[in-house]
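Trainee: Kindly generate the corresponding structure for this input.
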Amino acid sequence: MMKKTLNINIRGIVFNIDEDAYQELNNYLADVQKHYKNQLGYEEIVGDIENRIVELFQERVNNKKQAINLKDVIEIINILGRPTDFERELQDDEPSQGNQQRGPKRLFRDPENRMIGGVCSGISAYFDIDPIWLRLAFILAVIMFGTGILLYIILWVALPPARSLTDRMAMKGDPINISNIEKTVKEEMSDVKDKLDDLAQQAKDTFKKKKT
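Mentor: The predicted structure is shown next:
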């Protein structure tokens, strides 16, 4: 007997999913929402977790397999980890199952830290080096060999930009689990706040100078 399937919409993407898999996923998302409900960045954290679930679902469906099953959902939960896993880790310093899932780094352009197209900052994140050395190398290649500009343009076209949070985590090789998603969202929110504070202070200083 074929299992009953449902259509679900996650972040605007529709999937077919077995009834038992849907129940497991629904319980998991309810736990995630409950855990983060009163935390700073709740909507962003839950949204990025759902985005990651969409990515993992898309890896598991194809022309031969149209529906997500219970095995798929359990695998995805093991990759992301449960909120209770990370609470337990904080208490007894034991690594959680989700933390053990580390994927390979991926090359992206980094538009958030770009000077021009984000090529150097993206490659430096991949190799964990300071982007200034790559920028100097490209400048030397232009001055000495005249090839730096062409190489930069080729890489600009070839490398995709790291648009999503999970792209930026994959660029650095960070495990994409709910604990690191939470950490990254809060760090990015803190960076934005610091930049806004700096701009506000600069505006105040400029206003004071004009008054004097």
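
Trainee: Show me where this structure dips below the pLDDT cut-off.
Mentor: 1-2, 86-104, 207, 210-212 (pLDDT under 70).

Trainee: 90 instead, please
Mentor: Applying pLDDT under 90 to the chain picks out residues 1-6, 11, 38-42, 62-66, 83-106, 110-118, 121-156, 162-177, 179-180, 182-212.

Trainee: That one: helices as residue ranges?
Mentor: 19-36, 42-60, 70-80, 83-92, 119-127, 131-144, 148-158, 165-172, 178-211 (DSSP state H).

Trainee: Can you give the distance from the third one to the centre of its chain?
Mentor: Put simply, helix 70-80 sits 18 Å off its chain's centre (CA atoms, centre = their mean, to the nearest Å).

Trainee: Quick check: which of the helices of the chain is buried the most?
Mentor: helix 119-127 (a mean of 22; mean count of other CB atoms under 10 Å). Yep, even glycine has a C-beta here, placed from its N, CA and C like the rest.

Trainee: from memory Ile79 sits against Asn177, does it?
Mentor: Yes: here Ile79 reaches Asn177: they are 6.8 Å apart, a contact under CB atoms under 8 Å.

Trainee: which residues does the most centrally placed residue in the chain contact?
Mentor: Centre of the chain computed as the mean C-alpha position; nearest residue by CA atoms, centre = their mean is Thr166, 1.9 Å away. Applying CB atoms under 8 Å, 6 or more residues apart in numbering, we find Thr166 in contact with 48, 51-52, 55, 176, 181.

Trainee: what about 7 Å?
Mentor: 51-52, 55, 176 (CB atoms under 7 Å, 6 or more residues apart in numbering).

Trainee: Let me know the closest of those to Lys105.
Mentor: Nearest to Lys105 among the contacts of Thr166: Ile176, at 11.7 Å, using CB to CB.

Trainee: distance of the closest one from Ala67?
Mentor: 24 Å (CB to CB, to the nearest Å).

Trainee: Specify which residue of those two has the higher count of neighbours.
Mentor: Between Ile176 and Ala67, Ile176 has the larger neighbour count (other CB atoms under 10 Å), namely 24 against 17.

Trainee: so the more buried one touches Glu55, yeah?
Mentor: No: if you go by CB atoms under 7 Å, Ile176 and Glu55 don't touch, sitting 8.6 Å apart.

Trainee: Same list (the contacts of Thr166) but as TSV, adding distance to Pro160.
Mentor: Listed next are these as TSV, based on distance: CB to CB, whole Å:
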residue	distance to Pro160
Asn51	16
Arg52	17
Glu55	14
Ile176	17
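
Trainee: Name the pair among those with the greatest separation in space.
Mentor: Top of the distance list for the contacts of Thr166 (CB to CB): Asn51 and Ile176, 10.2 Å.

Trainee: Show the contacting residues for Tyr174.
Mentor: Quick fix: residue 174 reads Asp, not Tyr. Asn180.

Trainee: How about Pro111?
Mentor: 118, 161-162.

Trainee: again, only this time at 6 Å
Mentor: Pro111 is in contact with 118, 161, counting by CB atoms under 6 Å, 6 or more residues apart in numbering.

Trainee: Please report the distance of it from Val142.
Mentor: 22 Å.
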